[in-house]
Each structure stands twice: as C-alpha cells, then as structure tokens.
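Visitor: Sequence and predicted structure below; questions after.
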Amino acid sequence: MNNNCVLIIPRELCTGCGACASVCPKNAIHMQQDAVTGTFFPSVNHSKCSNNCDLCLSVCPAVNWSNTVRTKQNHYALGDYVQAYAAFSSDHKLRTAAASGGFTTSLLQSLLVQGYISGAIVSRRVKGDPFQTETIIARTPEEIDSCKGSIYSPVCFSEVFRNLKKISNEESLAVVGLPCHSQALSLLIDKIPSLRKKNILKISLVCGHAPTQNAYRYTMKRLGINETDVVDINNRGEGWPGFLRFQLKNGDIRRIPCGDALSWGMILSSPVFTPDACQLCPDPGGFAADIMVCDAWLPRYKKNKEGINLILTKTVLGDRMVHNAKNNRDIDLELIDIDDFLRANNRVFTAKTRNHNIAMRYLIGKNLTIFHKNIKEIEALGFMTIIKLKIYYFHIKFMKFMKLSKFSNHLPKALFFYFKVVQLLKR
Ligand SMILES: Cc1cc2nc3c(=O)[nH]c(=O)nc-3n(C[C@H](O)[C@H](O)[C@H](O)COP(=O)(O)OP(=O)(O)OC[C@H]3O[C@@H](n4cnc5c(N)ncnc54)[C@H](O)[C@@H]3O)c2cc1C
C-alpha cells in the first residue's frame, strides 16, 4: 500500500490547502470539494500513485505543522518577529471598502507599482457564483483591488501552487493566504528546488477559522434569501467592522452588521460551521509568514469606523517591504507594543496554541504521532483548564456524532446560542 495523503490523512485534519495535489509528480492527486460544506480534500488516483515518493505528505501542513519555523525568539504564538504596528491604507476609499484597514491590498499595490514584486497571489469569490472561490496571480493594481476583502469560506491553492513552479526565477511575488496556506507554501519552498530560487513574500491573515458554506445557507434561510438569487457575497467592507452583504440577481443588497447574531456573532463563528481542521489548527497567524495581518480588536481603536489593521513583521524582508510602502506614502504606520498585538486576538492565539494538544488528543487520539510533528507544547495546563477543554471538545465530538452540521438549516436558534456559551470554555 502506498503512503499517500488519502491513506494517512483522515479528512478532519486536512485544511484543503491543495499543496499535496500541486506537488505530486504523477498528477495522481486532485482536490475535491464537498458539495455541502464547501471544504476541499484530496482524492488520489491509486493506479497513478506507484512510487511511494511521500512528497504529498512532506508538504502537508496537517503532518508538518510547526511553530518553530526559523524561530530565534521562539515566541509561543508568533514564532519569530521584528516589530508590531498599527497600519492602514492611505487611500480612504480602499481603506473603508477593504476587510480591516486595507493595509494588505495597499501594500501589494505599492510593491507592484514600485517594482518590488511582479505579481501577487490573491483570492476572491467567483463573480456570479459566490459560493466558489478562486486564487489568481494578479499582475495589475486593479486585479489586486478586485480581491480586497475577507473570504470567510474555504479557499484552495492547488492550482496556483502548481503554476508557481512555472514562473521564472527572476520574478518576485507576494502571496496572501491563511496560516495553512502560508505553512504549505513554506513546506513547498523547502521541498522544491526551483521554488527556493524565487523571491516570495508571504503575508498571512490571522485566522480564527474559515466557516463552511452551510453557515451562509443558514443565514440566508433566516433572511428569507434564495441561494440561487445570490450573485455576490461580501463578508466585510463599508467601514469597520463592516457588513456581511448578499447581492441579489434583482440588484437588491441585503446587509447585516458584522456584529449581528446572524453574521459573525453567532452563526459564522459557531462550532456547528467550523471545519474539523480549524478546530485542530495550531497556527493562529502564520508562523511561516513574513508578515502577519489582523483586525485591531483593541478598546482604543473600537471607535474608529474607517478601519485599522494590526500587523507584525516577522522577517527583515517583511519589515523592509512594509517600510517601502510607507516611504511611498501608500500606508500609514505606527509602532505598537507586541503585547497589544497579542491582546487584540487573545482569544484566537490562546485557543490555537494552548488548547491544541488537548484538541488533538481528544478529537484524533490514536494518530497523534503522525500529525503536527513539529508543534512544541508551550505550557502545562492546570486541572480546571483541562476539564473545561474536555467539556468543550466533548460537545464538538457529540455534534459530529449527531451530524448536526448536516441538519443545520433545521436547527433552532437557541442551539446556536447554547454553543456560543459552550465556546467560552475554550478561552
Ligand atoms: C477566514 C478568515 C478568518 C479570519 N479571522 C480573523 C480573526 O480571528 N481575527 C482577526 O483579527 N483577523 C482575522 N482575519 C483577518 C481579517 O479579516 C482581515 O483579512 C485582515 O485584517 C486583512 O485586512 P485588510 O484590510 O488588510 O485586507 P484587504 O486589503 O481587504 O485584503 C485582504 C486580502 O486577503 C486575501 N484573502 C481574503 N480571504 C482569504 C482567504 N480565505 N484565503 C486566502 N486569502 C484570503 C484577499 O485575497 C486579499 O488579498 C480573518 C480572515 C479570514 C479570511
């Protein structure tokens, strides 16, 4: 029997990044999408996979997650870093239309116009079919702009990772992704000699989780929207924290504030709609990235409705690129304390780093030695914390056993409220 990703990776650990499919020398792996949840997973043509090369496993984040990538400071949640900043785009229109403060889009556009990069790998919802996502190599500022905003849905990089190998070594590229995409790219760079020769700037978004498509079905049902009438979905925008917007065929736009119970508050962030791989993910912000980007969830920025990002430069290259954009007056930048950067997303950093070992032991159990090989445990947990986490993960197990996510459209709102309370156990 061959050692390939399908045999070794149970579906619940796969982040759907697509690195395995992009690296297979026999083209034996292609990414499939679950029709109901929208999550991606590899499918292997066993007759083509005959050489036991194990390349797919060597680039798989689920197997190789590491919080020690190129780490000198060895910070438990951040890995290595240079400096933390508050930042936003100098373009006011972009700043209010983007996910947080438009830093990412402005940085990419600035680096492209100044010639530091020749393209940027960015993602967007497919026009007219917003339940599908695509990742492109953008070559113009307009193309980069077309990808602004956060996509709280599964995004697969297999095609673009495959195309990376074909790009000339003279080119410099920036790649924006979630921590799983960033980790996968880092593993690909380590394994593929031609990728090592390219200059690649990795930008990672801090990520709580990416909800399944069922979250939108539930929300649309509550809003009385027919799925086939939806031509576009925007998760953020119109100021900060902005609105979740459904654009309909007849031109109508249905908007709900991001803080609303149906939006980020109770539905999109519910464990019912959280893919298993996100429950198990140990990387809050992209250990392997050059720059981490997130929202400014700090009391002192709460009144600002135009949008502010917090960013962390993790490498000298990342810091240099941020200053290149600042010197060109494309972004505003202010130094902040590293503790403030952590505090803004304390919930995400704690849940993903501290709880990870319990999650693995409780939800996966017997395969522990194969997965997450390079994650170092950061602290011994107290008795009460372990009990609270066990109760939380018991709920996750029970929910899976009952297949609640499959019947989510029929679940009462009270159950989501209950899960919102249960979520407090993992903080
Ligand atoms: C699934 C998800 C979960 C997140 N969770 C948190 C969180 O818990 N806390 C927090 O502070 N911030 C979180 N963020 C990050 C936050 O929503 C913003 O994306 C980030 O602050 C960048 O803002 P910006 O204004 O600079 O982005 P923009 O200038 O609007 O640019 C966003 C860039 O991100 C890319 N992008 C968007 N979604 C995806 C995706 N799913 N996969 C790959 N690339 C993508 C786009 O292509 C674009 O280039 C999350 C983002 C996502 C997508």
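Guide: It's in.

Visitor: OK, contacts around the residue nearest to Asn199 when sequence neighbours are not counted?
Guide: Closest residue to Asn199 apart from its sequence neighbours, by C-beta to C-beta, 6 or more residues apart in numbering: Ser172 at 3.9 Å. Placement of C-beta: from N, CA and C, glycine included. Residues counted as contacts of Ser172 (C-beta atoms under 8 Å, 6 or more residues apart in numbering) are 116-118, 198-201.

Visitor: near the ligand, which residues of the stretch 251-400 of the chain?
Guide: Listed as neighbours of the ligand in the stretch 251-400 of the chain under the rule C-beta under 6 Å from any ligand atom: 293-295, 297, 309, 345, 348.

Visitor: Just the buried residues of those residues.
Guide: When burial is judged by neighbour count using 16 or more other C-beta atoms under 10 Å, the buried members of those are 293-295, 297, 309, 345, 348.

Visitor: now, among these, which is nearest to Phe161?
Guide: The nearest member of those to Phe161, counting by C-beta to C-beta, is Val293 at 20.7 Å.

Visitor: wait, what's in contact with Leu415?
Guide: Neighbour list for Leu415: 272, 404 [criterion: C-beta under 8 Å, 6+ apart].

Visitor: mind checking which helix or strand of this structure has the lowest mean pLDDT?
Guide: Lowest on mean pLDDT, DSSP states H and E among the helices and strands of the chain sits helix 5-8, with a mean of 65.

Visitor: quick one, helices of the stretch 301-427 of the chain?
Guide: With DSSP state H, counting those that start in this stretch applied, the stretch 301-427 of the chain shows helices at 316-327, 338-344, 346-353, 356-359, 383-401, 413-423, listed in chain order.

Visitor: Lowest average confidence across the ones you listed, which one?
Guide: By mean pLDDT, the lowest-scoring of the helices of the stretch 301-427 of the chain turns out to be helix 356-359, with a mean of 84.

Visitor: and that one, what other elements does it pack with?
Guide: Using 3 or more C-beta pairs under 8 Å, 6 or more residues apart in numbering; DSSP states H and E as the contact criterion, the neighbours of helix 356-359 among helices and strands are helix 276-280, helix 383-401.

Visitor: Need the contact partners of the helix or strand that the first one is followed by.
Guide: Counting by DSSP states H and E, the next helix or strand C-terminal to helix 276-280 is strand 291-295. Counting contacts by C-beta under 8 Å, 6+ apart, the residues outside strand 291-295 that touch it are 78, 99-100, 103-104, 107, 201-206, 240-241, 285-286, 309-314, 318, 321-322, 341, 344-345.
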